[in-house]
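A.B. asks: Got a predicted structure plus its sequence, pasted below:
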Amino acid sequence: MLVPLNDMLNSGWIFDLFPKEEIDGLIGNNRNEAKGAGIPDNIDAITNYFLDKMRRNMKVVLCHSPVGDLMRVRSRKFPGIVNSSIIDWFHSWPEDALRDVADRFLAECDFPEEWIY
């Protein structure tokens, strides 16, 4: 899973997201917008315009444990995950805080009796 994610973050292109016959239509749909932005009217320039637009709008959330040697190995093997992303370090919550949040959000839910402990 990390190989395509790394490639996607490095290139900005999500491989096989669109069928090949649909890509020409997407490029054609962006032709007028690209012309308005001063992009030359050739397929390579408009394709690059479309890719830049995709890169600006792409959002990916990846969660994994940063503890131990495995994170260091992943960082070396998949540099796009580290270089092309923002890393937010989240620390574990105390159990009572987790229970309070869960109680608050689940208070209004109607669960079947067999689910309630």
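C.D. replies: Cool, the structure landed.
A.B. asks: how deep is residue 46 tucked in, by neighbour count?
C.D. replies: Using other CB atoms under 10 Å, residue 46 has 22 other residues around it. Just so you know, the C-beta spots here come from the backbone N, C-alpha and C atoms, and that holds for glycine as well.
A.B. asks: That one is in what secondary structure piece?
C.D. replies: Using DSSP states H and E, residue 46 maps to helix 43-57.
A.B. asks: quick one: buried residues of whichever helix or strand comes after that helix?
C.D. replies: Next in sequence after helix 43-57, counting helices and strands by DSSP H and E, comes helix 69-77. For helix 69-77, a neighbour-count test (16 or more other CB atoms under 10 Å) marks residue 74 as buried.
A.B. asks: Can you tell me what sits against the helix holding residue 46?
C.D. replies: Defining contact as CB atoms under 8 Å, 6 or more residues apart in numbering, one finds that helix 43-57 is touched by 11, 12, 13, 14, 26, 27, 30, 31, 33, 34, 37, 39.
A.B. asks: and which of those residues is nearest to residue 111?
C.D. replies: Ranked by distance to residue 111 (CB to CB), the contacts of helix 43-57 are led by residue 14 at 38.0 Å.
A.B. asks: thought the closest one was touching residue 7?
C.D. replies: No - when contacts are counted by CB atoms under 8 Å, residue 14 is not listed as touching residue 7 (9.2 Å).
A.B. asks: which strands and helices sit next to whichever helix in the chain runs longest?
C.D. replies: For the chain, the longest helix by residue count, based on DSSP state H, is helix 20-36. Where contact means 3 or more CB pairs under 8 Å, 6 or more residues apart in numbering; DSSP states H and E, helix 20-36 is packed against helix 43-57.
A.B. asks: buried stuff in the helix it packs on?
C.D. replies: 46, 47, 49, 50, 54.
A.B. asks: Please report the distance of the spatially most central residue of the chain from residue 4.
C.D. replies: Geometric centre of the chain, nearest residue: residue 60, 1.4 Å, by CA atoms, centre = their mean. Distance, residue 60 to residue 4, by CB to CB, to the nearest Å: 11 Å.
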